[in-house]
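[1] 3D, please:
(2 chains)
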Amino acid sequence: MKKLLAIIGVLIFLVIITSPVLLNVLRGGVGHKVPKPDMVIHKPGKCVEETNYMRANHMDILKKEREKVVRCGRRNTAHSLANCRTCHANREEFCNRCHNYVGVKPECFECHYYSEGRGR
Amino acid sequence: MDRRTFLKIGGGLVLGAAIAPLPQLVSLLRAEDTASGKTKLGMVIDLNKCKPGCTICVDACRKENNVPPDNYWLRVANIKPKFPNAQNRPIPLLCNHCEDPFCVKVCLVKASFKRKDGIVLIDEHRCIGCRYCMIVCPYKSRSFVFKKTNKWTNPDVPKRMHGVVEKCNFCVHRIDKGLMPACVDACPEKAMVFGNLNNSQSEIAKLIASGKTKTIRPDLSSKPKVYYLGL
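    Have a look, this model is predicted:
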């Protein structure tokens, strides 16, 4: 008798603990509510690196460049934020789409100008 | 496997992991920096050419570097003369980019550092805003960003965020391209001379070699690199 009660108790506990996930699944919202980012590239063509590599590593590229430029003065225009702007001119249409989707707020734009609207 | 073999293999793996980043480190150290140790950048300001009430260099600096109105990188102070009828004399004051800077010694997180070519920079990404450097700077050349700003007067140059310390950086983005700092370019009297002190043929080296230049508070042994003519 006690064993049965214990098992029922554990099952109820599991249901309560996983209730957020279960409710979400029941509502059919796993990944479907938020639309995938739809990016607009101002000047399509070839990026400085491959697309998949950039998708995964652009933050590391920028971070390493930052250290090299600030500490050693070794400037590399290809991997600079200013160079990104030549093809991806609008932050709202390009960068923010993925950043909003993933829920990331890079601090970079507090100091480094990157226009959110069309043109300069 | 006995304990000894296990330790041998483990030790080998740890040693391998420790040596692994070495080739990358070596290439990083060997690579040429734009800022080499052979240059020693400094400035000479001719106070005889400085006109009272003129703020052209200050305004140019503000515009070029997005300096907020509450802060300063370059400022013009007035020396009050001892004689009753003499006029106040203006003196532009900026970061002296000392050879032996107190701010670099004192920075808790090594955000203030001296680049190989002698200019003292603040890595604004690392600055925590403790202001220890501001306390220690004998020339009071640093200012703290108390307020958040939303505008760039020069979008090509980053501004500083709320909570860090900022100061003159000899327009590092300009000198790396081979240009002069904004204040030097803007001065209509050509009162400011910027260059490499180690290059004996440069104008600045000749001015300093003439023996007529003076620095402010040389007794403090920070070895400032901004010299004044007519001080």
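
[2] please make it C-alpha for all contacts and neighbour counts, starting now.
    Fine.

[3] dihedrals phi and psi, residue B:180?
    phi -90, psi 160 (degrees, to the nearest 10).

[4] and for it, the neighbour number?
    19 (other C-alpha atoms under 10 Å in any protein chain shown).

[5] how about it: what's its closest non-neighbour residue?
    residue B:174 (6.3 Å; C-alpha to C-alpha, 6 or more residues apart in numbering or on different chains).

[6] what do you get for residue B:90?
    Nearest residue to residue B:90, sequence neighbours excluded (C-alpha to C-alpha, 6+ apart): residue B:78, at 4.5 Å.

[7] residues contacting residue 80?
    Reading this off chain A. A:62, A:65 (C-alpha atoms under 8 Å, 6 or more residues apart in numbering or on different chains).

[8] oops, wrong one, chain B.
    Going by C-alpha under 8 Å, 6+ apart, residue B:80 touches B:87-89.

[9] do residue B:214 as well
    Residues near residue B:214 by C-alpha under 8 Å, 6+ apart: B:227-229, B:231.

[10] what's the nearest residue to residue B:92 once chain neighbours are set aside in contact with, if anything?
    Spatial nearest neighbour of residue B:92, chain neighbours left out: residue B:76 (4.2 Å); criterion: C-alpha to C-alpha, 6+ apart. For residue B:76, the contact set (C-alpha under 8 Å, 6+ apart) comprises B:55, B:58, B:90-93.

[11] just the buried positions in the helix or strand harbouring residue B:76, please.
    Here residue B:76, judged by DSSP states H and E, is contained in strand B:75-79. Neighbour-count burial for strand B:75-79, counted by 16 or more other C-alpha atoms under 10 Å in any protein chain shown, picks out B:75-76.

[12] show me how the record splits chain A into domains.
    Residue ranges of the domains in chain A are recorded as A:1-33, A:34-120, according to automatic domain parsing.

[13] out of those domains, which is the most enclosed?
    domain A:34-120 (a mean of 14; mean count of other C-alpha atoms under 10 Å in any protein chain shown).

[14] model confidence over that domain, on average?
    Averaging pLDDT along domain A:34-120 gives 84.
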